[in-house]
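*Asks:* what follows is a predicted structure for the sequence shown.
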Amino acid sequence: MNQLHLYLSHLEHNYTVIRNKIRPTTQLFGVVKANAYGSALAPIAKRLVELGVDKLAVASTEEGTQLRDYGIKTPILVFYPQIEKIPELLKADLEPCVYSDHYLNQLAAALNSKSIQNYPIHLKFNTGLNRIGFAPDAVEMLIQKTNQSCFKVESIYSHLAASEDRPSILCDLQIERFKQIKATYEKVLTNPPYFHLLNSSGVFNYPEYEFDAVRCGIALHGYANKLEWDALLKPVAALKAQITQIHSVKKGEAIGYNSGWVAPAETRIATLPLGHADGIGRHFGNQKGTVVIKGQKAPIIGNVCMDMLMVEVGNIPCEEGDEVTFFGPMDQSAEEFAQQGNTISYELLTGLGPRIKRLLHP
Ligand SMILES: *Cc1c(COP(=O)(O)O)cnc(C)c1O
């Protein structure tokens, strides 16, 4: 079975780098959506709690419920809660992002029907990403609408559309709008909620806008969307496999489905037990992606199959059973490998399938 090695000491290193970058009073939310960025939800979340995250954040109610089932008691923010899951959300004591009037009304109805008071909620404003959230000019109306005894508005947040870019006209506009939202709250309320805006790359790129909390996911796994920031972090995950079979092929022989690659000369190819069903998509085929065998790079040739892919190993001194690295802290990083396939570390990591065994290292 293929292995995703997870180095918890690197998670701790990354956590410490982020903690040391932000002010001591700023809260750090550990984002563990999508199986903790494709790693292993429960152990990563547990370790983050031990390290001292102030809150965990997930995408869906189901992810939050899973964390509760693992015995995690830390507050959990749900970024994208769905209306149908409000009963489960309340049962698991998860803190929803409230992003629309419809969600707000449905949540209020559910809370009131159970006579629940002061339920913690987080209001999301759409300052320019145009994904989810209230319009900035809805602030005063929202202050009224959330002034109900069933709610306790804990925080106000927004999300930058390009936090790895600076200067960015859009981010500047978003920051300006967010500051205005904050100013309105502070004018109207004597005891305003707290505010947060930044994700991982925002922490590196817009440090003066950390406000009261930051929400970090990918940086905890060693990536921050720029190689110079990545250099301060350590990749948590290493993806490895063992060579299933080696073939010697003659010039002109075709390899894989639809003869995706034809040997230009006599060479050796190795078949590896990972395919697009495991998250190594077809965009890595046809010499886009390379893997590392005995310290040397071998290109992925032909079309990636569902369960296997082929690499040209030529004269690399390797045999069947030898270990191959797709990415990891000692070889090419997941960001570098992702770029070879014209994608990003987020997509590569979160797409790693369940057939890959997760192995934890202290
Ligand atoms: C996923 C997510 C984050 C974390 O982003 P990273 O770039 O992984 O740090 C923060 N905030 C929101 C709203 C998100 O959806």
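*Replies:* Cool, got the structure.
*Asks:* so residue 199 sits right up against residue 220, yeah?
*Replies:* No: assessed by CB atoms under 8 Å, residue 199 is found out of contact with residue 220, at 11.2 Å. All C-beta spots, glycine's among them, are computed from the backbone N, C-alpha and C.
*Asks:* ok, those two, which is more surrounded?
*Replies:* For the pair residue 199 and residue 220, the greater number of neighbours falls to residue 220 (30 against 23), based on other CB atoms under 10 Å.
*Asks:* one step back: shared neighbours of residue 199 and residue 220, which are they?
*Replies:* The overlap between the contact sets of residue 199 and residue 220 (CB atoms under 8 Å, 6 or more residues apart in numbering) consists of residue 31.
*Asks:* do the worst-scoring helix or strand of the chain on mean pLDDT and the ligand meet?
*Replies:* Taking mean pLDDT, DSSP states H and E as the measure, the chain has helix 227-230 as its least confident helix or strand, at a mean of 96. No: figure legend: helix 227-230 not in contact with the ligand (CB under 6 Å from any ligand atom); closest approach 11.3 Å.
*Asks:* can you start the count at 3 instead of 1 from here on
*Replies:* In the new numbering, first residue 3, that becomes helix 229-232.
*Asks:* give the buried residues for that helix.
*Replies:* Counting neighbours by 16 or more other CB atoms under 10 Å, one finds that the buried residues in helix 229-232 are 231-232.
*Asks:* C-alpha coordinates for that helix, PDB please?
*Replies:* In PDB, the C-alpha atoms belonging to helix 229-232 read as follows (Å, rounded to 0.1, in the frame of the first residue of the first chain):
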ATOM      1  CA  LEU A 229       8.600  29.600  -2.100                       C
ATOM      2  CA  GLU A 230      10.300  32.200   0.100                       C
ATOM      3  CA  TRP A 231       7.600  31.700   2.800                       C
ATOM      4  CA  ASP A 232       7.600  27.900   2.300                       C
END
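*Asks:* and that helix, what does it pack against?
*Replies:* Packing partners of helix 229-232 (3 or more CB pairs under 8 Å, 6 or more residues apart in numbering; DSSP states H and E): none among the helices and strands.
*Asks:* sheet partners, orientation included, of the helix or strand following that helix?
*Replies:* Sequence order places strand 239-244 as the next helix or strand after helix 229-232, per DSSP states H and E. Sheet pairing for strand 239-244, assigned by DSSP bridges, gives strand 5-9 (antiparallel), strand 325-329 (antiparallel).
*Asks:* ok, and what's touching stretch 276-294?
*Replies:* The contact list for stretch 276-294 (CB under 8 Å, 6+ apart) reads 4, 40, 243, 258, 262-263, 274, 299-311, 313, 326-328, 333-334, 339, 342-345, 350, 353-355, 357-358.
*Asks:* mind doing that once more with 6 Å?
*Replies:* With contact meaning CB atoms under 6 Å, 6 or more residues apart in numbering, stretch 276-294 is reached by 4, 243, 299-302, 305-311, 313, 326-328, 333, 342-344, 353-355, 357-358.
*Asks:* can you flag the buried ones in those residues?
*Replies:* Here, 16+ other CB under 10 Å leaves 4, 243, 300-302, 305-307, 310-311, 313, 326-328, 333, 342-343, 353-354, 358 buried among the contacts of stretch 276-294.
*Asks:* from residue 312, how far off is residue 53?
*Replies:* 41 Å (CB to CB, to the nearest Å).
*Asks:* neighbour-wise, which of those two wins?
*Replies:* Neighbours per residue, other CB under 10 Å: of residue 53 and residue 312, the larger number sits with residue 312, 26 against 17.
*Asks:* what residues does the stretch 53-202 of the chain have near the ligand?
*Replies:* 81, 161, 201-202.
*Asks:* what distance do you get for residue 181 to residue 162?
*Replies:* The gap separating residue 181 from residue 162 is 13 Å, by CB to CB.
*Asks:* neighbour count for those two, which is higher?
*Replies:* residue 162 (24 against 15).
*Asks:* what mean pLDDT does stretch 235-254 have?
*Replies:* When pLDDT is averaged along stretch 235-254, the result is 98.
*Asks:* also stretch 71-86?
*Replies:* For stretch 71-86, the mean pLDDT works out to 98.
*Asks:* quick one on the thing from earlier: just the ones in strands from the buried ones among the contacts of stretch 276-294, please.
*Replies:* Using DSSP state E, the subset of those located in strands is 243, 300-302, 311, 313, 326-328.
*Asks:* closest to residue 209 among those?
*Replies:* residue 328 (32.8 Å; CB to CB).
*Asks:* and the closest one, what does it touch?
*Replies:* 241, 293, 339.
*Asks:* ok, residue 336 next?
*Replies:* Contacts of residue 336 by CB under 6 Å, 6+ apart are 329, 347, 350-351.
*Asks:* again, only using 8 Å
*Replies:* Shown in contact with residue 336 (CB under 8 Å, 6+ apart): 224-225, 237, 239, 241, 329, 347, 350-351.
*Asks:* can you show me the helices along the stretch 103-252 of the chain?
*Replies:* Using DSSP state H, counting those that start in this stretch, the helices of the stretch 103-252 of the chain run over 103-115, 141-147, 171-190, 202-207, 229-232.
*Asks:* poorly predicted segments of the chain, please.
*Replies:* Of all residues in the chain, none has pLDDT under 70.
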